[in-house]
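> take this sequence and fold it.
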Amino acid sequence: MLRSALRVAVKAQLNHSANATCIASQQLHQQFWSLRSRDYSSKGSKKKGGGGSGKSSAKSPSSDTKRGKVAHQSDAKDNITTNPDNETRILEENILAELAEDEKDKSLDVGYNGRPLFTYTPSLSQLTRKDTCSYMKFDIKELNASLPEGLPSGMLKEFEASRRTALLVRQSFLDLRNNLSRIVDPPLQDDKGQKIQKRIVLDGPVNGGKSITLSLLVHWARDQGWLVFYVPEGRKWTHGGYFYKNPQTGLWDTPVQAADALQDFMKYNESKLEKIPCQISDPIPLGEGAGIGWMKGVDSITMPEGSTLYDLIQTGITNSHAAVGVIVRLRKELSLVKDIPVLIAIDQYNSWFTFSEFQEPVTVRSCRDIHARELTMVNAFRSMMHDDIMIGAFSHSTAVGKLRQDLPDVPIDARMNYPRYNVEEAAAVSHYYLRQRLVRREAFSEEGWKKVFYLSHGNGAEMRWLVPFMR
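Next up, the predicted model:
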């Protein structure tokens, strides 16, 4: 009884104190607003009568409207200054204005040890060793026109962070470009130690510039008149969309990816494809269409005599049942093209050596992961055991995992370790970021950028992130 009585008393006391607190806060609230209204009314009377009588005068609607407008304007100013998005936008506009002023001062375009920060060589084909460790400016419209399949994410991040469409000229890129050039136009004298490779796999640490280098090689090859089959995101071939098991081949067809790849190939190469005749006359097998099943009564189609590669690709784009069969046929046709050089460039190539997103039901309660090699499209394009020119680039940002050194269907000597920045390249990069105001000039020093280089181990993305913290 005593405990229950104590509980009742304590609860009553707590309720009483809570009610008292609430009433007190309400009284304070009312007093605050009454004082504020008196202050406004006294100010209004002073302005109107010029005296200090302190008597409240009647407020006119016009004065209320004016005060409302002033309050609204002050609130708007407060929102502009306190909104983080607006502050970021204003800061970005100020930096862009400063960079526009910097363009007039050519003395700022100086890199490490007084070297020029930018090269004015007009094209990738004319770059030489003298242009290394300098930046080449690009027109974003020309880049999008030359690479309509899409720009690498690393390239877009670099453009956004530096606020300029320029890329570092690296000796590793020039070596790959010269290798491709020697395949088509062999030198008159054999260069000792200069091995020509037709099949290359670019491997190396994450954010080492492999995807950007591959896209620049595609850009260069297309400027030279090559026919290039470019896949900027090989992982998409193993993820998403419909997938069906073809009973004729035992492989899995992905008609959505096939149609997308054919459309991408057509974007830049349409004029060339219209001039290249089809050389294989065998019927093209049909498969299941994307979400529409099998075609009734027809299991294959035959291209008319005199068809070109353009006609072949159009058939795959317009007919979902033929999309996978057409892209497999296209791979065979590309090996037979001899009039112009052909390059097959695959980014995220390591995604084709592991399991896909797709699963095959085994029992009522279990499924089996489908390997990428079991996909019809990957099976047609993955192998490098041929005489065609093909470059694949690993992308470790796709979380594929570490693969063994000897990959199936890939020559042993094809795998090449693509390096990160060396000291000279890191110096050029740091001075470029100083030029683009990623770091304050008074905080920049040789000791500072070398610390950034050694902390990041030459990782381009990490250097770009660390440079603004230089003190």
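> how many neighbours does the closest residue to residue 433 other than its chain neighbours have?
Closest residue to residue 433 apart from its sequence neighbours, by CB to CB, 6 or more residues apart in numbering: residue 467 at 4.7 Å. (C-beta placed from N, C-alpha, C; glycine too.) Residue 467 has 24 neighbours, counted by other CB atoms under 10 Å.
> hang on, residue 467 in a helix?
Yes. Using DSSP: H, G, I helix; E, B strand; the rest coil, the assignment for residue 467 is a helix.
> for stretch 175-183, buried residues please.
176-177, 179-181 (16 or more other CB atoms under 10 Å).
> got it, and stretch 95-104?
Residues of stretch 95-104 classed as buried by neighbour count (16+ other CB under 10 Å): residue 99.
> off-centre distance for it?
26 Å (CA atoms, centre = their mean, to the nearest Å).
> pretty sure residue 182 sits against residue 198.
No. Using CB atoms under 8 Å, residue 182 is not in contact with residue 198; the gap is 10.5 Å.
> so residue 200 makes contact with residue 394?
No. Using CB under 8 Å as the test, residue 200 is too far from residue 394 to be in contact (11.4 Å).
> quick one: mean pLDDT over stretch 222-233.
Regarding stretch 222-233, the rounded mean pLDDT is 97.
> endpoints of that stretch, how far apart?
The first and last residues of stretch 222-233 sit 19 Å apart, counting by CA to CA, to the nearest Å.
> contacts for it, please.
123-125, 146-147, 149-152, 184, 211, 215, 218, 221, 237, 261, 264-265, 268-269, 272-273, 276, 334, 337, 340-348, 381 (CB atoms under 8 Å, 6 or more residues apart in numbering).
> what about this protein, any weak spots by pLDDT?
1-82, 188-193, 399-401 (pLDDT under 70).
> where do the helices sit along it?
Using DSSP state H, the helices of the chain run over residues 2-49, 61-82, 84-102, 140-146, 153-162, 171-184, 210-223, 255-273, 309-318, 323-336, 376-381, 423-435, 446-456, 460-466.
> mind listing what residue 270 touches?
Here residue 270 is in contact with residue 310 (CB under 8 Å, 6+ apart).
> how near is it to residue 339?
As judged by CB to CB, to the nearest Å, residue 270 and residue 339 stand 17 Å apart.
> and residue 387, by the same measure?
According to CB to CB, residue 387 and residue 339 sit 16 Å apart.
> what are the phi and psi values at the spatially closest residue to residue 150 that is not a sequence neighbour?
If the residues on either side of it in the chain are set aside, residue 150 comes closest to residue 232, at 4.8 Å by CB to CB, 6+ apart. Here the main-chain torsion angles of residue 232 (degrees, to the nearest 10) amount to phi -70, psi -20.
> and residue 338, its phi and psi?
Backbone torsions for residue 338, taken as degrees, to the nearest 10, come to phi -120, psi -20.
> how many residues are close by residue 359?
13.
> hey, what's it bridged with?
In this entry, residue 359 is beta-bridged to residue 369, by DSSP bridges.
> can we start the residue count at 113 from this point?
Got it, first residue is 113 now, which makes that one residue 471.
> test my guess that it contacts residue 486.
No. With contact defined as CB under 8 Å, residue 471 does not count as touching residue 486 (11.5 Å).
> wait, isn't residue 555 in contact with residue 582?
Yes. Shown here, residue 555 and residue 582 form a contact pair, counting by CB under 8 Å, at 5.2 Å.
> quick one: neighbours of residue 506, just the number.
Applying other CB under 10 Å, we find 25 residues neighbouring residue 506.
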